[in-house]
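Trainee: Sharing a sequence plus its predicted fold:
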Amino acid sequence: MRRNFKDLIAHNRWLKFVPTFLTICNSLCGFAAILYTLHVYEGILYPEPVLRTCAYIILAAMVFDALDGFAARIFNAASMHGMQMDSLADMVTFGVAPAVIVAVMAHHLRDNLKPIDYYVVWGLCGVYIGCAALRLATYNIYAMFPEKKKYKHEGFSGLPSPGAAAGICSLVIYYCMKEGELKQILSILPFYAGFLGLMMVSTVRYTHIGKWIQSVRRNRIRLVMLIIFIAALIIWREFAAVVLINYYILTGPIIEVFMRIKEKRQRDALMKAEIGGA
């Protein structure tokens, strides 16, 4: 079976371009989201449907982002060129596009932003974009030179850029669901974008969702959790997505704080034991 698949790839060289095509689809989603968001900047009367669509376009791009790596492994097409393309596409879709949505929302609905200065929003969006660029560049360096990695645990060091984009999109979708009734979200969103940017370049440990899903076959507790998550998404849809996405984002730093406290207590206990032994 495996040999037949290798023969199929050998006789159909075009399959090697499937990952590249998927990466381009990812970047085009980001481009489409940015272009569509600009309709709101022009001052349309009801911006919520447009913003909601833009957020969904970015979330759809995550499917292409997941599939291009999978296709590269399946078709034995992994390369440095593909890795660089993937990061550039991620920068457009998960770096620039979410920041544009936040900035344009703030511009169109600026009367609801008081007492937040609009220039502060620009600055926070700039923090998000800058941190996304720094994270993606660092990720490429670690991919090319694994020995430079400062962490050895599975998963991610810092919030992945798709996760940060999902955090922004989830709040945008929830705001649009309520047809702009939740003015607090609009005030929080720029600061949340800045926070997400800092999380991307932090050393906070985050679970690799793909590997976590693959592990459910060997872990019954995780299997039950996955079933509950899927059921929640089916029943409550957007609301469940908002909760689950932001639960993933916020539990990272919370767990990190508890782990730091635990490590400090262990060091203090060890130091006391050494002093007592002396």
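Mentor: Thanks, I have it. Numbers count the residues shown, from 1 in each chain.

Trainee: what number of residues lie near the closest residue to Y206 other than its chain neighbours?
Mentor: Once flanking residues are discounted, Y206 sits nearest to F156: 4.4 Å by C-beta to C-beta, 6 or more residues apart in numbering. Every C-beta, even on glycine, is put in place using the N, C-alpha and C of the backbone. By other C-beta atoms under 10 Å, 19 other residues sit near F156.

Trainee: ok, now how distant is R217 from T207?
Mentor: Per C-beta to C-beta, to the nearest Å, R217 is found 17 Å from T207.

Trainee: Same check on R265?
Mentor: From R265 to T207 the distance is 24 Å (C-beta to C-beta).

Trainee: How about the contacts made by E238?
Mentor: 173-174, 177 (C-beta atoms under 8 Å, 6 or more residues apart in numbering).

Trainee: Now for those residues, which sits with the most neighbours around it?
Mentor: I173 (23 neighbours).

Trainee: That one: helix or strand, and which one exactly?
Mentor: helix 161-177 (DSSP states H and E).

Trainee: now that helix, how far from the centre of its chain.
Mentor: Helix 161-177 sits 10 Å away from the centroid of its parent chain (C-alpha atoms, centre = their mean, to the nearest Å).

Trainee: Would you mind writing the CA trace of that helix as PDB?
Mentor: Taking C-alpha atoms only, helix 161-177 is exported to PDB below (Å, rounded to 0.1, in the frame of the first residue of the first chain):
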ATOM      1  CA  SER A 161       0.000  33.000  15.800                       C
ATOM      2  CA  PRO A 162      -3.200  31.200  14.700                       C
ATOM      3  CA  GLY A 163      -4.300  30.900  18.300                       C
ATOM      4  CA  ALA A 164      -3.800  34.700  18.800                       C
ATOM      5  CA  ALA A 165      -5.800  35.400  15.600                       C
ATOM      6  CA  ALA A 166      -8.500  33.000  16.800                       C
ATOM      7  CA  GLY A 167      -8.700  34.900  20.100                       C
ATOM      8  CA  ILE A 168      -9.400  38.200  18.300                       C
ATOM      9  CA  CYS A 169     -11.800  36.700  15.800                       C
ATOM     10  CA  SER A 170     -13.800  35.000  18.600                       C
ATOM     11  CA  LEU A 171     -14.400  38.300  20.300                       C
ATOM     12  CA  VAL A 172     -15.300  40.000  17.000                       C
ATOM     13  CA  ILE A 173     -17.800  37.200  16.200                       C
ATOM     14  CA  TYR A 174     -19.300  37.400  19.700                       C
ATOM     15  CA  TYR A 175     -19.600  41.200  19.400                       C
ATOM     16  CA  CYS A 176     -21.300  40.900  16.000                       C
ATOM     17  CA  MET A 177     -23.700  38.200  17.300                       C
END
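
Trainee: residue boundaries of the helices in the chain?
Mentor: Taking DSSP state H, the helices of the chain run over residues 2-11, 18-41, 48-74, 80-90, 97-108, 118-144, 161-177, 183-200, 209-214, 220-236, 238-277.

Trainee: Which of the ones you listed has the lowest mean pLDDT?
Mentor: For the helices of the chain, mean pLDDT drops lowest on helix 2-11, to a mean of 57.

Trainee: quick one: buried residues of the helix holding I173?
Mentor: 161-177 (16 or more other C-beta atoms under 10 Å).

Trainee: Check what contacts stretch 253-270 and list those residues.
Mentor: Residues contacting stretch 253-270 (C-beta under 8 Å, 6+ apart): 199, 202, 204-205.

Trainee: do the same with stretch 89-99
Mentor: Under C-beta under 8 Å, 6+ apart, the answer for stretch 89-99 is 23-24, 26-27, 29-31, 33-34, 37, 54, 58, 61, 65, 125-126, 128-129, 132-133, 136, 161-162, 164-165, 168-169, 193.
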